[in-house]
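> Starting from these lines, generate the structure:
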Amino acid sequence: MTLGTSSLRYSAATALSITIACSPALAQSEIFEGQSGTISDLGDVVQIALPAGALIGSLWIGDTEGAWQLAKGAAATGIITHTMKFGYERLRPDGSESNSFPSGHTSAAFSGAAYIHHRYGNAWGIPAYAAATFVGASRVWANRHYVDDVLAGGSIAVFSSLYFTDPYNSSDLVIVPSFGEDHIGLAMSYTPGLTGPKSKKQNQNAEIWGQKEQKLTRSYSLLVGGFDTEKNQINEVGQDSFDLYDFSRESEPNTYAAAQLRWGLDQSQYLSFGFAPMEARDTTTLKQDINFGGKHYQAGAEVISAYRNWMLSTDYVYKLLVNSDWVFDAGIGVSIVGQSIRLDNINGENLSEHDDLFVTPAASIEAGYHFTESLSTTIGYRISGLSDFEQESLWLSLNYQLDKRWATSLFAGQINQTTDTDDYYNDAQFDYAGFAVTYAF
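Just a heads-up that it's a prediction; the model follows:
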């Protein structure tokens with residue numbers, strides 16, 4: 001399990017968005033500056049073209065059942081996305097509206113791409129995913145969404161499609177191996193009308209044909225929630241320190257989305273890949289002079305802060321207890337962390353920034369217990385770092401296995417990290433909690 005977070009309603013963020021929308025001065029800050037142009041316009045078109053094209057294509061080949069599955073998946077995606085938008089009320093990066101999380105454009109695009117993939121396979125699915133990824137990137141480029149908005153929107157769409165969509169059989173000719181006591185060969189059959197959707201039972205039988213059913217060892221998890229800033233102290237070399245915790249914090253708790261892919265090597269070891277983008281923006285009226293990034297900010301001035309920490313992690317994990325109700329896993333890996341801290345006056349023209357990239361080794365342990373086949377709990381700890389950056393994460397989760405493929409979790413934890421470069425020192429602590437949805441394959 002990697003980073004995650006819990007959600008609360010941001011009524012204060014609504015008031016902040018109204019202030020931003022009504023204040024021409026704030027719009028001058030580069031931090032809130034949006035972008036428009038060909039990239040953004042293409043994203044607007046593709047987010048509609050993907051699901052619409054998938055629907056038209058299915059109807060064109062007579063796959064009405066697939067068209068109905070697309071409709072159900074897209075409807076579920078839309079309902080979940082917009083319910084979360086109204087529930088979280090996250091302020092957009094450009095300060096225009098309080099409906100940033102998750103990204104509606106991205107969820108719409110991925111609802112079409114995921115359906116194409118799950119229904120018709122990789123040949124059509126991979127280009128569709130590339131187009132959907134472009135839509136998400138265009139929303140970040142336009143400063144309309146944070147990266148975790150896009151990550152959540154795309155994952156919601158993929159999960160909805162996985163639940164509603166069955167593969168499509170594109171051939172009336174079926175060739176299968178034939179084994180007997182005195183022969184080995186191929187059995188061929190041609191059945192007009194066979195072309196069409198495969199039933200769930202056929203899919204299950206295809207998975208286990210000729211072998212015993214095996215436990216699924218690969219999984220993808222989406223973790224959603226919110227995080228609170230407990231401290232975020234910054235001390236530039238030769239200057240007085242200040243704490244981003246003292247900024248207005250109207251958007252607290254911040255929304256958060258993270259993803260984890262587990263790839264089983266065998267029953268006792270697996271690779272874990274995680275992506276956890278964390279961002280926060282706030283304003284304050286300074287009570288003291290601040291010097292940061294070669295810029296001066298006077299006491300009494302209204303200042304905007306933008307804090308970003310993206311972490312990509314890779315771990316090799318070994319299960320020390322196999323075929324036991326107890327869980328004890330140990331891992332080693334590497335973290336790639338991109339961190340950015342920006343400040344600017346409300347009226348702009350005073351932007352300062354520290355932007356750093358860290359690559360650090362990591363180690364982790366996770367212990368737990370299975371109360372039943374479905375219910376379990378785990379506690380984990382991961383540390384990564386070198387002399388210029390160190391991060392510790394501690395988490396606790398309660399997990400429930402819904403069926404062979406689907407699982408859900410509730411979790412909470414804390415992140416402590418320090419940055420110590422030649423230019424500045426940053427000491428930050430964040431509390432998080434939330435829920436996760438996992439699909440095994």
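
> Might you list the low-confidence residue ranges for the protein?
Filtered on pLDDT under 70, the chain yields the residue ranges 1-27, 170-214, 248-252.

> Point out the other helices and strands that the helix ranked longest in it packs with.
Counting by DSSP state H, the longest helix found in the chain is helix 64-88. Here helix 64-88 touches helix 38-60, helix 104-120, helix 147-164, strand 196-197, going by 3 or more CB pairs under 8 Å, 6 or more residues apart in numbering; DSSP states H and E. Quick note: C-beta positions are derived from backbone N, CA and C, even for glycine.

> got the buried residues for it?
Within helix 64-88, the residues scored as buried using 16 or more other CB atoms under 10 Å are 66-67, 69-74, 76-78, 80-81, 84-85, 88.

> List the contacts of that helix.
7, 9-10, 51, 54-55, 58-59, 99-104, 107-108, 110-112, 114-115, 119, 152-153, 156-157, 160-161, 163-166, 168, 196-197, 224, 226, 255 (CB atoms under 8 Å, 6 or more residues apart in numbering).

> Is it possible to mark the buried ones in the residues you listed?
By neighbour count, with 16+ other CB under 10 Å, these hold 7, 10, 51, 54-55, 58, 99-104, 107-108, 110-112, 114-115, 119, 152-153, 156-157, 160-161, 164-166, 168, 196-197, 224, 226, 255 as buried.

> Report the separation between Gly53 and Asn235.
Gly53 sits at a distance of 53 Å from Asn235 (criterion: CB to CB, to the nearest Å).

> ok now the longest helix of the chain, how far from the chain's centre?
Taking CA atoms, centre = their mean, to the nearest Å, one finds the center of helix 64-88 at 18 Å from the center of the full chain.

> picking that back up, the helices and strands packed on helix 64-88: which one's closest to Leu244?
Smallest distance to Leu244 across those (CB to CB): 18.3 Å, for helix 147-164.

> Just list what that closest one packs against, helices and strands only.
When contacts are defined as 3+ CB pairs under 8 Å, 6+ apart, helix 147-164 packs onto helix 64-88, helix 104-120, helix 122-141, strand 218-236, strand 254-266, strand 269-285, strand 424-440.

> Output these in CSV, with distance to Thr378 appended to each entry.
Conversion of the helices and strands packed on helix 147-164 to CSV gives the following (distance: least, CB to CB, whole Å):
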stretch, distance to Thr378
helix 64-88, 26
helix 104-120, 29
helix 122-141, 31
strand 218-236, 13
strand 254-266, 13
strand 269-285, 13
strand 424-440, 12
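
> Deepest-packed of those, please.
Scoring the helices and strands packed on helix 147-164 by mean neighbour count under mean count of other CB atoms under 10 Å gives helix 104-120 as the most buried, with a mean of 28.

> Run through the neighbouring helices and strands of that one.
Packed next to helix 104-120, using 3+ CB pairs under 8 Å, 6+ apart, are helix 38-60, helix 64-88, helix 122-141, helix 147-164.

> Show me how far it is from its chain's centre.
Centroid displacement of helix 104-120 relative to its chain, using CA atoms, centre = their mean, is 16 Å.

> Now do it against helix 38-60, angle only.
30 degrees (axes from the mean of the first three to the mean of the last three CA atoms, to 10 degrees).

> export helix 104-120 as PDB, just CAs?
Taking C-alpha atoms only, helix 104-120 is exported to PDB below (Å, rounded to 0.1, in the frame of the first residue of the first chain):
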ATOM      1  CA  GLY A 104     -14.300  15.300 -16.200                       C
ATOM      2  CA  HIS A 105     -12.600  15.700 -19.600                       C
ATOM      3  CA  THR A 106     -10.200  12.900 -18.700                       C
ATOM      4  CA  SER A 107     -12.900  10.500 -17.300                       C
ATOM      5  CA  ALA A 108     -14.900  11.000 -20.500                       C
ATOM      6  CA  ALA A 109     -12.000  10.300 -22.800                       C
ATOM      7  CA  PHE A 110     -10.900   7.200 -20.800                       C
ATOM      8  CA  SER A 111     -14.400   5.900 -20.700                       C
ATOM      9  CA  GLY A 112     -14.300   5.600 -24.500                       C
ATOM     10  CA  ALA A 113     -10.700   4.400 -24.600                       C
ATOM     11  CA  ALA A 114     -11.100   1.800 -21.800                       C
ATOM     12  CA  TYR A 115     -14.300   0.400 -23.500                       C
ATOM     13  CA  ILE A 116     -12.500   0.100 -26.800                       C
ATOM     14  CA  HIS A 117      -9.600  -1.800 -25.100                       C
ATOM     15  CA  HIS A 118     -11.700  -4.100 -23.000                       C
ATOM     16  CA  ARG A 119     -14.200  -4.800 -25.800                       C
ATOM     17  CA  TYR A 120     -12.000  -5.100 -28.900                       C
END
